[in-house]
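>>> Turn this into a structure:
(one chain, ligands or ions: 1)
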Amino acid sequence: MGFYLCLVYTLQKWNEPLEKKHRLLICSDNMMIDFYVVDADCLIHYDIPSNKQNFSMRFSVLQNSSNVMINKERSTYIFLSNNTKDMLQLPKVVEVMKSFGNGKVDPILQKHAKNLTDSLEKEKINCFFCSEIQQFGYCSRPMSCKSRHILFKQLDEPGVNIPRSGIAIVKILNVYDASHMSAKLLKLNCTNNVNDEQHWSNVVDYTDTINHKLSSYFSKRDSEVLHENPKPGDMVAVQVESTSIKMIDTAYFRALVINVVDNNTANSKVMVKLIDEGYIETISKWKVFVLPDMLKSVHTTTVDMFVASIKPIGFDKTWPTQANHCLIKHLKDVNICNNTIIVKVKMALGTTIWIKKMYEKYWDTDLKKYGLREILPEILLNTGYADMNFEHIGNLTELSVSAGIAKPLLLKNSFEDKKELSIEEYMSLYKLPQP
Ligand SMILES: [Zn+2]
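Residues are numbered from 1 along each chain as shown. The predicted model follows:
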């Protein structure tokens, strides 16, 4: 009852016609909602609340403030105390400041926020690199995204057998979506000439050996040692039910833990990426075992493959189902005809490659010779599913350069080996205005 009277009294005071003197209401987040004040002139945050909802809710007190006086400016002040908990919120506060009001933020504050974001990113060394940056070159929610947005030389330097440029013959293992696949590297060629016949070298594939070793190792019942408390990034051995396996009949695989699903239940599930098979599976945590060390160090020849410099049309971050099906159908036909898939590699990080083109090499029965047909990005651009994404590789390169993985791009280098440049590559050196 006392609380109710206090509420009514406060509200009456608040709603009295405004004269020369201003009124001040000091209240907690919990109380604020009961007052339903919507016409404040100024909002002062004396601290940063622990959750985002409370923070946005506070701004509701400003929604009708212009009713009270003409040409009045709404304003808000945010006090950040110098403790770590509050200072960690600074980058988010700066974002709010940019999106509210006139968008002007003091450069010193921006610099502080940037430094803080950078050091917070460095703490994410055990997190996966942001999948949106991998696929499209930027993250749409960098403040709340739990993934890593910087690269580390020791983690992201491409493996010894992963091509950073040139061309490769691959076997597609799995299509995640229209611009993300997994593939096995079969042959590499460091020239950029897709018609080259001479400079191919085979990629030695240890997958069968690894799978064979795993099955003989785990054939002894007591070698199954449960990998307890799996964490994202852990390299493990997993047992997969034979019904869910696509082509191979071995039951144990090398895998990378991606995520632990429903952690609190007795039978929690673990999402893993099968390193050598190139697909993602969710399995019971009781099927996750310790991987013998000798099998950890063997390099994989299976890569994640992204199509460079394209994005779904409009502002969408995901490909329409039709686009994905279009690619799957195309690849199925390539498979039926037993045609070879050749990709032009743009860049690489870890065991991920970005390709600028994917071709199929087919036998032309009329001309009695091999022909090349572009698959990607052609089929996505032609069908209107995709748009060019000019920042994609530029942003990834910038991150690689900051991590000391790639050298800064020099135009001069490209001119030195003239013989390897095609006309389209020559043209790409000249920045023509886009329509
Ligand atoms: Zn992200």
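
>>> State the pLDDT value of Q89.
pLDDT recorded at Q89 is 77.

>>> I342 too?
With respect to pLDDT, I342 has a value of 98.

>>> if I pick it, what's in contact with it?
Counting by C-beta atoms under 8 Å, 6 or more residues apart in numbering, I342 touches I167, A168, I169, V170, V194, M358, Y359, E360, K361, L372. In this view, the C-beta of every residue, glycine as well, is placed from N, C-alpha and C.

>>> I'd like the list of those that fall within strands, please.
Those of the contacts of I342 mapping onto strands are I167, A168, I169, V170, M358, Y359, E360, K361, L372, per DSSP state E.

>>> Show me what from the protein comes close to the ion.
Contact residues, the chain versus the ion (C-beta under 5 Å from the ion): C130, C139, C145, S147.

>>> let's see it at 8 Å
Applying C-beta under 8 Å from the ion, one finds that the chain approaches the ion through 130-133, 139-142, 145-149.

>>> still on that earlier bit, any idea which of the contacts of I342 has the most stuff around it?
Compared across these, V170 has the highest neighbour count, 27 neighbours, by other C-beta atoms under 10 Å.

>>> For that one, give the beta-bridge partners.
Counting by DSSP bridges, V170 is bridged to L185, I341.

>>> number of nearby residues for N338?
Using other C-beta under 10 Å, N338 is surrounded by 8 other residues.

>>> Can we start the residue count at 45 from this point?
Right, with 45 as the first residue, what we last looked at is N382.

>>> Give me the phi and psi angles of it.
Main-chain dihedrals, N382, degrees, to the nearest 10: phi 60, psi 30.

>>> Contacts only, for it.
Taking C-beta under 8 Å, 6+ apart, we find N382 in contact with no residue.

>>> how near is it to K376?
According to C-beta to C-beta, to the nearest Å, N382 stands 12 Å off from K376.

>>> what mean pLDDT does stretch 139-152 have?
75.

>>> mind listing what's buried in that stretch?
Residues of stretch 139-152 classed as buried under the neighbour-count rule (16 or more other C-beta atoms under 10 Å) are V140, M141, V149.

>>> Closest one of these to the ion?
Using C-beta to the ion, V140 comes nearest to the ion of these, at 18.8 Å.

>>> Doesn't the closest one belong to a helix?
Yes: membership of V140 in a helix is supported by DSSP: H, G, I helix; E, B strand; the rest coil.

>>> Leaving out sequence neighbours, find the closest residue to it.
Of all residues not flanking V140 in the chain, F99 sits nearest, at 7.8 Å (C-beta to C-beta, 6 or more residues apart in numbering).

>>> tell me which element the one you found is part of?
Using DSSP states H and E, F99 maps to helix 96-102.

>>> What of S188?
Applying DSSP H and E, one finds S188 in no helix or strand.

>>> got it, and the one 10 residues further on?
Using DSSP H and E, the secondary-structure element containing Q198 is helix 197-200.

>>> List the contacts of the spatially most central residue of the chain.
The residue lying closest to the centre of the chain (C-alpha atoms, centre = their mean) is S175, at 1.4 Å. By C-beta under 8 Å, 6+ apart, the residues touching S175 are S191.

>>> Next: Q179.
Taking C-beta under 8 Å, 6+ apart, one finds S223, H224, F350 in contact with Q179.

>>> How about N246?
Residues in contact with N246 (C-beta under 8 Å, 6+ apart) are L230, K231.

>>> where's it relative to the ion, distance?
The gap separating N246 from the ion is 37 Å, by C-beta to the ion, to the nearest Å.

>>> and if you look at D360?
Between D360 and the ion the distance is 16 Å, computed by C-beta to the ion.

>>> Equivalent analysis for M315, please.
Here the criterion is C-beta to the ion. By it, M315 lies 18 Å from the ion.

>>> count of residues packed around that residue?
M315 has 17 neighbouring residues, counting by other C-beta under 10 Å.

>>> Confirm for me that it is in contact with K329.
No: assessed by C-beta atoms under 8 Å, M315 is found out of contact with K329, at 10.7 Å.

>>> returning to that earlier point: neighbour-wise, which one of the contacts of Q179 leads?
Within these, most neighbours by other C-beta under 10 Å means S223, with 29 neighbours.

>>> Disregarding residues adjacent in the polypeptide, which is nearest to I397?
V347 (5.0 Å).

>>> was I right about that neighbour contacting T395?
Yes: look at V347 against T395 with C-beta under 8 Å: they come within range, at 5.3 Å.

>>> shared neighbours, these two?
In contact with both V347 and T395: I206, using C-beta under 8 Å, 6+ apart.

>>> More neighbours: which of the two?
With neighbours defined as other C-beta under 10 Å, V347 and T395 compare such that V347 has more, 28 against 21.

>>> Can you list phi and psi of that one for me?
The phi/psi pair for V347 (degrees, to the nearest 10) is phi -120, psi 160.

>>> How about H243?
According to degrees, to the nearest 10, H243 has phi -90, psi 30.

>>> what's near enough to touch it?
Under the criterion of C-beta under 8 Å, 6+ apart, the contact list for H243 reads N233, C234, T235.

>>> quick one on the thing from earlier: packing partners of the helix holding F99?
With contacts defined as 3 or more C-beta pairs under 8 Å, 6 or more residues apart in numbering; DSSP states H and E, helix 96-102 has these neighbours: helix 73-79, strand 86-89.

>>> what mean pLDDT does the shortest one have?
If I follow you right, that is strand 86-89. Strand 86-89 carries an average pLDDT of 82.

>>> burial count for the residue of the stretch 245-394 of the chain found nearest the ion?
At 10.8 Å from the ion, K361 is the closest residue in the stretch 245-394 of the chain, using C-beta to the ion. When neighbours are counted by other C-beta under 10 Å, K361 registers 14.

>>> shouldn't it be in contact with Y182?
No: using C-beta under 8 Å, K361 is not in contact with Y182; the gap is 9.9 Å.

>>> Overlap in contacts, these two.
The overlap between the contact sets of K361 and Y182 (C-beta under 8 Å, 6+ apart) consists of E176.
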